[in-house]
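Student: predicted model follows, preceded by the sequence.
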Amino acid sequence: MNFDPNELSKKGLTFLQQGRFIEAAEIFDKLILYFPKNHELYNIIGFVNLELKKYDLSINAYNKSLTINQNQPEAFFNRALANSEKKYLTNALSDYQKVIEMQPGNINAYINIGTLYEDIGRLDEALDIATKAYKIDSANIKILANRANLYQKLFLNNRALDDLNSALNIEPNNIDLIINHANVLKGLHKFQLAKKSYQKAISINPKSANAHFHYGLLLLLEKNFDLGWQEYEYRWNLEKYNKP
């Protein structure tokens, strides 16, 4: 060995902190050749490749790390992220379940499991997971917003409204929550209340294309065509309309 592993490791960690993942990968790939039983090195390699979107390499590194030491919830969590990106959903779910077994209060694992179920259309299971997460942390904005979204998809708008009201009690100026709240009110045909919510969102961020667009849809629904078409024009500023 013609180098000081401690100094090289420090250099690699510096690259990691600076977001220079390619340089970091080169260093830790070199170190693992000399320390093939070091599970922490494999974890770093797994993380670096996850950041580089080299998901197969990331999964391989975490496999080796977990073969050495199974008691690593963070390694299971990160491997789940890589498995999700590769659409290995069964493996991802299994990894998140391992995380929850080791860390029953890991909210992010619950949230990600719910997202996986939602992505494959298993909405009832996604809702069940969201409710379990809610019982752990009922004041978590992301949990409330996610469950509200699931309720909407399941046509349970009153329950969605309850969760959004709870979330807005915590973050009253969260514009995404306000817009979603207005959308649910619109779905419940509470148009005047929905209009107030859209107007509040626009007052908080006058440049919000999402708020203007949905406000425009409501105005058109009310046959207020002059202002409705003006607001509806904001659709061209939405990401989905700007994809090549």
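Tutor: Structure's in. What do you need? Numbering: from 1, shown residues only.
Student: contacts, neighbours, all on C-alpha from now
Tutor: OK.
Student: which other residues reach stretch 16-36?
Tutor: By CA atoms under 8 Å, 6 or more residues apart in numbering, the residues outside stretch 16-36 that reach it are 5, 8-9, 12-13, 15, 38, 41-42, 44-45, 48-49, 51-52.
Student: the same query, at a cut-off of 6 Å, please.
Tutor: Contact partners of stretch 16-36, identified using CA atoms under 6 Å, 6 or more residues apart in numbering, comprise 12, 15, 48.
Student: skip the chain neighbours and tell me the closest residue to the second one.
Tutor: Closest residue to Phe15 in three dimensions, ignoring its sequence neighbours and counting by CA to CA, 6 or more residues apart in numbering: Ala24, at 5.3 Å.
Student: tell me the secondary structure for the residue nearest to the spatial centre of the chain?
Tutor: Nearest to the geometric centre of the chain sits Asn112, at 7.0 Å (CA atoms, centre = their mean). Under the three-state scheme (DSSP: H, G, I helix; E, B strand; the rest coil), Asn112 adopts helix.
Student: just the one 3 residues further on next, same as before
Tutor: Classification of Thr115 into helix, strand or coil gives helix, according to three-state DSSP.
Student: quick revisit: excluding chain neighbours, what is closest to the residue nearest to the centre of the chain?
Tutor: Nearest residue to Asn112, sequence neighbours excluded (CA to CA, 6+ apart): Tyr96, at 7.9 Å.
Student: and the contacts of the host helix or strand of the one you found?
Tutor: According to DSSP states H and E, Tyr96 maps onto helix 89-102. By CA under 6 Å, 6+ apart, the residues outside helix 89-102 that reach it are 73, 76, 80, 83-84, 109.
Student: hmm, back to that, per-residue pLDDT, the residue nearest to the centre of the chain?
Tutor: In this model, Asn112 is scored at 96, pLDDT.
Student: try Lys240
Tutor: 61.
Student: the bottom helix or strand of this structure by mean pLDDT?
Tutor: Lowest on mean pLDDT, DSSP states H and E among the helices and strands of the chain sits helix 225-232, with a mean of 92.
Student: contact partners of that helix?
Tutor: Here helix 225-232 makes contact (CA under 6 Å, 6+ apart) with 212-213, 216, 219-220.
Student: narrow the contacts of stretch 16-36 to those in helices?
Tutor: 12, 15, 48 (DSSP state H).
Student: highest neighbour count among the residues you listed?
Tutor: Compared across the ones in helices among the contacts of stretch 16-36, Val48 has the highest neighbour count, 24 neighbours, by other CA atoms under 10 Å.
Student: which residues touch it?
Tutor: Here Val48 is in contact with Phe21 (CA under 6 Å, 6+ apart).
Student: now do it against Ala25, distance only.
Tutor: To Ala25, Val48 is 6 Å away according to CA to CA, to the nearest Å.
Student: Asn173: what secondary structure?
Tutor: Asn173 ends up coil, using three-state DSSP.
Student: next one: it from Asp162, what distance?
Tutor: Separation of Asn173 from Asp162 (CA to CA): 17 Å.
Student: any stretches of the chain with poor pLDDT?
Tutor: Residue ranges of the chain with pLDDT under 70: 1, 240-244.
Student: switch the cut-off to 50
Tutor: 243-244 (pLDDT under 50).
Student: would you map the helices across it?
Tutor: So, for the chain - with DSSP H - the helices run 5-17, 21-34, 39-51, 55-68, 73-85, 89-102, 107-119, 123-136, 141-153, 157-170, 175-187, 191-204, 209-221, 225-232.
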